[in-house]
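S.K.: this one's structure only:
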């Protein structure tokens, strides 16, 4: 597969097995992967990625190749997918804002609550909501508990393991433990146990996989699968920020992580570590698929897998998420729905995470809630090439938005400054066209989709150990 970006070189769908349960209602297996960008093999994101299990799930149904988050950071993105509402509606723009303290969604009915009101047993494990803010109201059961949604992870005996002083959570390296000692493996073991159980009610089972979130600590065998000297590296344009407005430059913050990685000579190490964590997460997905295939629920379960946003590894001189560029907004989304999807579907229409809630309702035969701001993707699940005129809106902090169509990315910052990129010829988003008068009509068309209401920020809560 040809990768959508350029890298510098250093030198069938699996059948679902098992018997369908008697219950007419379809089950839902809801898999979240934290900080997973588009480097996975089936998206062609990085030529050295090894993701056989993500690939086999994508091959079972529809892979959305142009899916984007509604916020490029954990807390608001997860609040959006679970409520079906944009950050500009909820007021949850940052990681330090508890979802249930927002006046707009303090009493919102989340997707699992909606399924529960229609007879479903709803359970979850691992990171589904932002770790600091578990939402007990959304679940009947949770692993490890309703208070602690994510198991603790093993860490190297000495940190920073990458040898970069002052790197904090921006760290990576092998941790010499067995897979089953890792928090994600514990969550997946719990979820596979739930899939084995006979049930009298339909279920909504959510499983949150934390890696490749920082710090990038996984067992050595995952690092060993990637030879540093042979890895293809992202192409980085040293003057990439020259045509970017001041807000974008501030968010990129090239003198922090990027400068630190370059100064330390650890760029290859970081790419190796991220790929190793993707491989680890992929293996956890494989365990879930194997358990589903061996269960009595295989033929009657909708599977949706999503990541909460993308991740920069030096592109635009930036690391992590926290921008409105392609690397931060482009996420992973794939769905398999019995009786609706056909194997091997690939859809290039722009879709987003707020579309997941109405889609699951539609597929399961539940009524759509009127407040939802997304739309059902069922037409694209049936026919990935179906007409689709709706672009995606991603928001980072109040009044800053990106509009992504099938061809264009338009960014409008709170101070009125803009960026415009043509993905037909500039997949790297290296050339900002916003100042060119010949693109004024395109900007006006895309600007029509900017939110007309940007509610005030909901209350912040400080003093907790927020993830970054």
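M.R.: The structure has been received and is ready for your questions. Remember, predicted model here, so these are calculated numbers, not experimental data.

S.K.: sketch out the low-pLDDT regions of the chain for me.
M.R.: By pLDDT under 70, the weakly predicted segments of the chain are 1-24, 462-468.

S.K.: can you give me the helices for the stretch 201-350 of the chain?
M.R.: 220-223, 246-252, 257-264, 267-293, 326-329 (DSSP state H, counting those that start in this stretch).

S.K.: out of those helices, which is closest to residue 114?
M.R.: For the helices of the stretch 201-350 of the chain, proximity to residue 114 was assessed by Cβ to Cβ; helix 267-293 is nearest, at 22.6 Å. (Each C-beta comes from the backbone N, C-alpha and C, glycine too.)

S.K.: could you verify that residue 426 is part of a strand?
M.R.: No: counting by DSSP: H, G, I helix; E, B strand; the rest coil, residue 426 is not found in a strand; it is coil.

S.K.: quick check: it vs residue 408, distance?
M.R.: With distances taken as Cβ to Cβ, to the nearest Å, residue 426 is found 10 Å from residue 408.

S.K.: ok, those two, which is more surrounded?
M.R.: residue 408 (20 against 14; other Cβ atoms under 10 Å).

S.K.: now the spatially most central residue of the chain: closest residue in space that isn't a chain neighbour?
M.R.: Most central in the chain under Cα atoms, centre = their mean is residue 307, positioned 1.9 Å from the mean C-alpha point. Nearest non-adjacent residue to residue 307, counting by Cβ to Cβ, 6 or more residues apart in numbering: residue 36, 3.7 Å away.

S.K.: distance of the one you found from residue 261?
M.R.: When residue 36 is compared with residue 261 (using Cβ to Cβ), they lie 20 Å apart.

S.K.: over to residue 225?
M.R.: Counting by Cβ to Cβ - residue 225 and residue 261 are separated by 22 Å.

S.K.: between those two, who's got more neighbours?
M.R.: Neighbours per residue (other Cβ under 10 Å) separate residue 225 from residue 261, with residue 261 holding more: 22 against 13.

S.K.: thought that one was touching residue 270?
M.R.: Yes: using Cβ atoms under 8 Å, residue 261 makes contact with residue 270 at a distance of 5.9 Å.

S.K.: mind listing the shared neighbours of the two?
M.R.: The contact sets of residue 261 and residue 270 overlap at residue 319 (Cβ atoms under 8 Å, 6 or more residues apart in numbering).

S.K.: now the helix or strand containing residue 77, how far from the chain's geometric center?
M.R.: Here residue 77 sits within helix 74-83, counting by DSSP states H and E. Centroid separation for helix 74-83 versus its chain: 10 Å, with Cα atoms, centre = their mean, to the nearest Å.

S.K.: helix or strand next in line after that helix, which one?
M.R.: helix 87-90.

S.K.: residue 454 contacts residue 399, doesn't it?
M.R.: Yes: if you go by Cβ under 8 Å, residue 454 and residue 399 touch, sitting 5.0 Å apart.

S.K.: compare these two (neighbour count), which wins?
M.R.: The neighbour comparison of residue 454 against residue 399 (other Cβ under 10 Å) goes to residue 454, with 20 against 16.

S.K.: report the secondary structure state of the more buried one.
M.R.: Residue 454 ends up coil, using three-state DSSP.

S.K.: any idea how far it is from residue 259?
M.R.: Distance, residue 454 to residue 259, by Cβ to Cβ: 33 Å.

S.K.: likewise for residue 140?
M.R.: 48 Å.

S.K.: who has more neighbours, these two?
M.R.: It is residue 140, of residue 140 and residue 259, that has more neighbours when counted by other Cβ under 10 Å, with 15 against 12.

S.K.: how far away is the more buried one from residue 321?
M.R.: 31 Å.

S.K.: any residues touching stretch 400-415, and which ones?
M.R.: Stretch 400-415 has contacts (Cβ under 8 Å, 6+ apart) with 66, 68, 88, 245-248, 324-326, 329, 348-350, 391-399, 418-424, 429, 434, 442-443, 446-447, 449-451.

S.K.: tell me the buried residues within those residues.
M.R.: Buried by 16 or more other Cβ atoms under 10 Å: 66, 68, 88, 245, 247-248, 324-326, 329, 349-350, 391-399, 418-421, 423, 429, 434, 442-443, 446, 449-450, out of the contacts of stretch 400-415.

S.K.: those in strands, which ones?
M.R.: 68, 392, 393, 394, 395, 418, 419, 420, 421 (DSSP state E).

S.K.: with distance to residue 207 added, can I get those residues in CSV?
M.R.: As requested, these are exported to CSV (distance: Cβ to Cβ, whole Å):
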residue, distance to residue 207
68, 22
392, 25
393, 28
394, 25
395, 27
418, 40
419, 36
420, 38
421, 35
